[in-house]
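> Coordinates for the following, if possible.
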Amino acid sequence: MTCANEQAHELAAARAECTRQGAELQATRRELGAAQAAAAAMQQQLNLQRFKHELLVDLWAMRVLDNEELGSRLEQQRLLPRLLAAGSQAGLALQQGEAALLPRLAAAAAQADAAAALRSFRSSAAACSSTLAESLRNELEYEKQNYEQPEELAAGPPAGFTLTESKGDTLMSLSKDHRGERVMVDVMVNDQPEEELVEDESGALDADVGAVFTVTVSKGSKSLVFECKSDGQYFVVQHVALEPTSGDVEESAYTGPVYEELDEELQKHFEDYLAERGVNAELGSYLLPLIHDKEQREYMQWLDEVQRFVQ
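Next comes the predicted model:
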C-alpha cells in the first residue's frame, strides 16, 4: 500500500540512520582505544617501578659489601642473603600487586566493551523502533488519504434495522422488532471466508465474494437460528436450528437437518419467512460493503494504536 515517494523517503531515512550509527561506532572505537592506551601506560609504570626496586636492592647489597664498619667479610656474607631475601619479598609483593591490578584492568576493559555494546544495542533498538513507528505513520496517513465510505452505506441500514458496533470489536449487529419477535442479524468480520477464484461458463476466473452472517428470530424462550450467505445480489440459507433463547445448547442436542437435503419447496418457504422479516437481497447488498468498510476502519485504528505503542 506504499508509493514510490514513500519508499524513497524510507530509503533516505535508513541512510541517515546508518550514518548516525557509523558515527556512534567510531566514537565507541575511540573510547576503547583510549582505555587500551591507559592500560599500556599503567603497565609501563609498573615495569618502571619494578626496575627501580631491583636497582635499589643492588645498591643496598653494594653498600653492605663496601662498608668497612660492618666488620668481617663473613658478616657481610651473612647480611647479604637477608637483604636479597627482603628484596625478593618486596619484588614478590610488587608482582602480586601487579597481578591484582591486571585483572582489574581487564575487567575495566571488559566493562568498557560491554558498555559500548549496550550503547550500540540501545541505539540500534531505538533506531528500529523509530523506523517502525515512521513506517506505521506513513501507512496510516496513506490509508486515511485513500479512505472513502462506500456509497451503499451512506443511507444507513435497510428500513427498520438498527446497526450496533463498537470500535475494536469485529462483531456488528442489525436488529429490529417484527410482530412481537426480535430479529437479529449478526456478522463477524473475522469469520468471513477468503475470496476464491471460480471458473464461469466462459472459462474466465471470477472472485467468489460472499458475506456469511447469522439471523436469529427470537420469540419467548425459543429462537430460530439461520446461517446464511450472500453475494450481494442473492442470499442463501445454509442451515436452520431451533435453540433456546438463552443460548444454552447441549452438545448432544439435535441441531437440525442438512439444509440442502430439505424439499425445495420447504427451502423456499424458509426464504420467504426471512424475507418477510427484512432478510433479503437488499440486506445482503448492504452487508458486503459494511464488512469491507469495518475491516478498513479497524485496520487504520490498529495502525494508529501500534505506532503509538512502539514510538
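> how does the chain divide into domains?
4-146, 158-310 (automatic domain parsing).
> And the strands in the stretch 201-311 of the chain?
Remark: strands assigned in the stretch 201-311 of the chain by DSSP state E, counting those that start in this stretch are 205-208, 211-219, 222-230, 235-244.
> Can you convert those strands into a markdown table and add a column each for mean pLDDT and mean neighbour count?
For glycine as for every other residue, the C-beta is placed from the backbone atoms N, C-alpha and C. Output for these, formatted as a markdown table (pLDDT from 0 to 100; neighbours: other CB atoms under 10 Å):
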| stretch | mean pLDDT | mean neighbour count |
| --- | --- | --- |
| strand 205-208 | 47 | 11 |
| strand 211-219 | 96 | 19 |
| strand 222-230 | 96 | 19 |
| strand 235-244 | 94 | 17 |
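> wait, which of those strands is closest to residue 187?
strand 211-219 (4.2 Å; CB to CB).
> Nearest to residue 284, out of the strands of the stretch 201-311 of the chain?
Checking the strands of the stretch 201-311 of the chain against residue 284 by CB to CB gives strand 222-230 as the closest, at 2.8 Å.
> The closest one packs against which elements?
Here strand 222-230 touches strand 211-219, strand 235-244, helix 264-276, helix 281-310, going by 3 or more CB pairs under 8 Å, 6 or more residues apart in numbering; DSSP states H and E.
> average model confidence for stretch 160-175?
Stretch 160-175 shows a mean pLDDT of 96.
> Check what contacts that stretch and list those residues.
Here stretch 160-175 makes contact (CB atoms under 8 Å, 6 or more residues apart in numbering) with 156-158, 176, 178, 182-190, 278, 283, 290-291, 294-295, 298, 301.
> Narrow those residues to those that are buried.
Buried by 16 or more other CB atoms under 10 Å: 157-158, 176, 183-187, 189, 278, 283, 290-291, 294, 298, out of the contacts of stretch 160-175.
> about what we covered before: can you lay out the strands of the stretch 201-311 of the chain as TSV showing distance to residue 140?
TSV is the format used below for the strands of the stretch 201-311 of the chain (distance: least, CB to CB, whole Å):
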stretch	distance to residue 140
strand 205-208	27
strand 211-219	27
strand 222-230	31
strand 235-244	35
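> Worst mean pLDDT among the domains of the chain?
Among the domains of the chain, domain 4-146 carries the lowest mean pLDDT (a mean of 63).
> At which residues are the helices of the protein located?
Assigned by DSSP state H, the chain shows helices spanning 4-66, 73-146, 264-276, 281-310.
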